[in-house]
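1. Return atomic coordinates for the entry below.
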Amino acid sequence: AIVVTIHICLRTSLGVYICCSLLLCFKIVMKIALAAGTYERFVFGYNWENDNLKKSFSVAAHQGPVKCAAAAGHFLASGGNDDAIRVYNLKSGKDLGSLVQHEGSVTCMNFYTPTDEKLAGGMPTHLLSGSEDRSICVWRVGNWAHIRTLTGHKATVNDVAVHPSGMLAVSVSRDKSLRLWDLSAGKLAARVHLKEHGEASRVQFSSDGEEYLLCAEKRVSVFSAEECEELIQLNHPRLVTCFSQLQTSESQVVSGSEDGSLRGWDTSTGEVTFHLPEAHKSRVRGLVTLPTSGGEPGHLFASGSSDGVVRVWDVRALGNKVEPVAEMNSTARVTCLVACNWKSSRGAHKMENTGVKVPTTDQNVDLEPQGDSKRQRKVKK
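-> Model prediction:
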């Protein structure tokens, strides 16, 4: 809570001064939210309050299945097979509209938030999106301007991640390659062929940026970011569909599989720390660590599955208890799951559509060649 004391002095008509003090107390609440995209085109929002999930909103986000989602600060973005990105302000409950630049389904997204809160106050500054059109678009958060397009992949971009410095991005594709991008120059910095690994579906930088993790087929691999050298492999018996780094330790990772199971790993040794063989009834489609404030260690993570259920788990209890802390049935097929937190002094808002904000090109940035110049950005309502 923030306490503010205001001293007031008033002078009466008789020349007498009356002084008093006014004590104001503002309670700053840290909101933690989960959002699940579904095959049925809806995005469902849940608030994490008092160790329980409470449904906060549902919105028909796209004209078809939701393919991906990203969240940071109080912004949420979803990508669909209608080639569009929908943007929402969770704090105000506003649907900000559509960003349309891709010529194929939007398959992955990632917000970049500077690690120094003095630069952006904990809010994201950029959004990167990948697509079936083989390109990666860079957007500026706020005015939602399309800054540039990164091209080079020969097939669908499966995932993209931004280095903590904001200077580098990494992407993986169905062309079985990994590419490193120099974001300041907007150019390809390095390319790695994943012949032994096969097609990678997910990629993520470690919080210190010294390593990146990717999952390909039946393994999760940890690579050195500087040398692009594989450091360790975490092998699964079945196809790995997603993973997330836990906040309890830099070396703790949880992975989900096509058989509905969850596994915890110590990436420094390659050992399994826990195994939940029946975490879900079908394929795990999303894993995310619940964010915390003040640098406190996070022990909670959430999983979402094609069975429609979103569950929250406590790492500390997995040694002797396999029941989730909380769960919510979306009654739809979950395709992706994200989490975010922000400071708020107001209650929950109902999501409402306030019209569409048209993205405009940022003229202060030297754009890379965009290909067909006849292609116009359009707005989908």
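2. Is residue 52 in contact with residue 328, as I believe?
-> No - in this structure residue 52 lies outside contact range of residue 328 using CB atoms under 8 Å: 9.1 Å. C-beta here means a position set from N, CA and C on the backbone, and glycine is covered the same way.
3. With only the CA atoms kept, save stretch 298-307 in CSV.
-> What follows is stretch 298-307, C-alpha atoms only, in CSV (Å, rounded to 0.1, in the frame of the first residue of the first chain):
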residue,chain,number,x,y,z
GLY,A,298,7.7,-18.4,-8.5
HIS,A,299,6.5,-21.9,-7.6
LEU,A,300,3.4,-22.0,-9.7
PHE,A,301,3.0,-22.9,-13.3
ALA,A,302,-0.1,-23.5,-15.5
SER,A,303,-0.8,-26.0,-18.3
GLY,A,304,-3.5,-26.0,-21.0
SER,A,305,-4.6,-29.0,-23.1
SER,A,306,-6.7,-30.0,-26.0
ASP,A,307,-9.0,-31.5,-23.4
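4. Give me the more crowded residue out of residue 52 and residue 328.
-> Summary of the neighbour comparison: residue 52 and residue 328, criterion other CB atoms under 10 Å, with residue 328 having more neighbours (20 against 13).
5. For that one, which non-adjacent residue is spatially closest?
-> With sequence-adjacent residues excluded and distances taken as CB to CB, 6 or more residues apart in numbering, residue 328 is closest to residue 53, at 4.4 Å.
6. Just the CA coordinates for the strand or helix carrying that neighbour, please, in CSV.
-> Of the helices and strands defined by DSSP states H and E, residue 53 is found in strand 52-60. Written as CSV, here are the backbone C-alpha positions of strand 52-60 (Å, rounded to 0.1, in the frame of the first residue of the first chain):
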residue,chain,number,x,y,z
ASN,A,52,-8.1,-19.9,-7.5
LEU,A,53,-8.9,-19.4,-11.2
LYS,A,54,-11.8,-17.0,-11.9
LYS,A,55,-13.0,-16.5,-15.5
SER,A,56,-12.7,-12.8,-16.4
PHE,A,57,-13.6,-12.6,-20.0
SER,A,58,-14.3,-14.4,-23.3
VAL,A,59,-14.0,-12.9,-26.7
ALA,A,60,-14.6,-14.2,-30.2
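7. Quick check: which helices or strands does that strand pack against?
-> Strand 52-60 sits against strand 42-49, strand 326-329, with contacts defined as 3 or more CB pairs under 8 Å, 6 or more residues apart in numbering; DSSP states H and E.
8. Run through the stretch 101-250 of the chain and note the low-pLDDT ranges.
-> Flagging of the stretch 101-250 of the chain using pLDDT under 70 yields the residue ranges 117-120, 249-250.
9. ranges for the strands of it?
-> Ranges of strands within the stretch 101-250 of the chain are 106-112, 126-131, 136-140, 146-150, 157-162, 168-173, 177-182, 187-193, 200-205, 211-216, 219-224, 230-235, 240-245, based on DSSP state E, counting those that start in this stretch.
10. need the ones you listed in a markdown table with distance to residue 276 and mean neighbour count, can you?
-> Compiled in a markdown table, these are given as follows (distance: least, CB to CB, whole Å; neighbours: other CB atoms under 10 Å):
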| stretch | distance to residue 276 | mean neighbour count |
| --- | --- | --- |
| strand 106-112 | 26 | 25 |
| strand 126-131 | 30 | 25 |
| strand 136-140 | 34 | 23 |
| strand 146-150 | 37 | 21 |
| strand 157-162 | 24 | 24 |
| strand 168-173 | 26 | 25 |
| strand 177-182 | 29 | 20 |
| strand 187-193 | 32 | 13 |
| strand 200-205 | 19 | 22 |
| strand 211-216 | 17 | 24 |
| strand 219-224 | 16 | 20 |
| strand 230-235 | 16 | 15 |
| strand 240-245 | 14 | 23 |
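11. Geometric centre of the protein: which residue is closest?
-> Taking CA atoms, centre = their mean as the criterion, residue 70 is the residue nearest the geometric centre of the chain, at 3.4 Å.
12. Tell me how many other residues crowd residue 278.
-> The burial metric for residue 278, expressed as a neighbour count using other CB under 10 Å, is 10.
13. Thought residue 260 was touching it, still the case?
-> Yes - taking CB under 8 Å as the definition, residue 278 is a contact partner of residue 260 at 6.6 Å.
14. that older thread, for the residue nearest to residue 328, give the beta-bridge partners.
-> In this structure, residue 53 has beta-bridge partners residue 48, where bridges are defined by DSSP bridges.
15. looking at it, it is touching residue 325, isn't it?
-> No - counting by CB under 8 Å, no contact exists between residue 53 and residue 325, whose distance comes to 9.2 Å.
16. Which neighbours do these two have in common?
-> Common neighbours of residue 53 and residue 325, counting by CB atoms under 8 Å, 6 or more residues apart in numbering, are residue 312.
17. which parts of stretch 245-253 are buried?
-> 245, 246, 247, 248, 251, 252, 253 (16 or more other CB atoms under 10 Å).
18. Now do the end-to-end distance for that stretch.
-> With CA to CA, to the nearest Å applied, stretch 245-253 spans 4 Å between its terminal residues.
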